[in-house]
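Undergrad: I need the structure of the sequence given here:
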Amino acid sequence: MGLGVSPSQIIGSSSTATSSTTSFESNERMEQMQAEIESLKAQVAEIDSLKAQVAEVDVLKHQIAFLIERVADIKTRAHAMKCLSTMSEAIGHGFIFERLYKIMKEHNNLKVLSN
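TA: Residues are numbered from 1 along each chain as shown. All right, here's what the predicted structure looks like:
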């Protein structure tokens with residue numbers, strides 16, 4: 001803007017108090033940045049953990065769907081029901097019944113529902 005002062009003149013004319021304050025401020029900023037980096041690392045680790053849990057739930061959904069299909073077969077019904085019962089006790093009844101309800105709701109054959 002034409003003030004007639006160059007950056008080297010500003011830096012050269014500063015006192016030691018200003019440079020120590022600047023050093024202190026820069027250390028403070030570095031510590032804040034380091035704390036933010038650590039916080040972000042913790043968040044990434046938490047997200048990775050949640051992704052692993054979601055993957056496990058997806059695998060369980062596929063296994064339960066397979067077992068529900070096996071219930072329809074006379075030869076495998078007893079074993080499939082035993083597996084579903086055990087999974088239901090371990091995971092929770094709601095999770096299994098929610099999957100069963102979705103399948104049963106789509107059935108048009110009333111005989112299937114009455115058995």
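Undergrad: Which helix or which strand is home to Leu60?
TA: Applying DSSP states H and E as the criterion places Leu60 in helix 16-71.
Undergrad: which residues sit in contact with the residue nearest the centre of the chain?
TA: The chain has Leu50 as the residue nearest its centroid, 3.0 Å off, counting by CA atoms, centre = their mean. With contacts defined as CB atoms under 8 Å, 6 or more residues apart in numbering, Leu50 has no neighbours. Using the backbone N, CA and C atoms, a C-beta is placed for each residue, glycine as well.
Undergrad: roughly how far apart are it and Gln43?
TA: The gap separating Leu50 from Gln43 is 11 Å, by CB to CB, to the nearest Å.
Undergrad: Check Ile64 too.
TA: When CB to CB is the yardstick, Ile64 and Gln43 sit 31 Å from each other.
Undergrad: Ok, Phe97 next?
TA: Between Phe97 and Gln43 the distance is 35 Å, computed by CB to CB.
Undergrad: for Ala80, same thing?
TA: According to CB to CB, Ala80 stands 41 Å off from Gln43.
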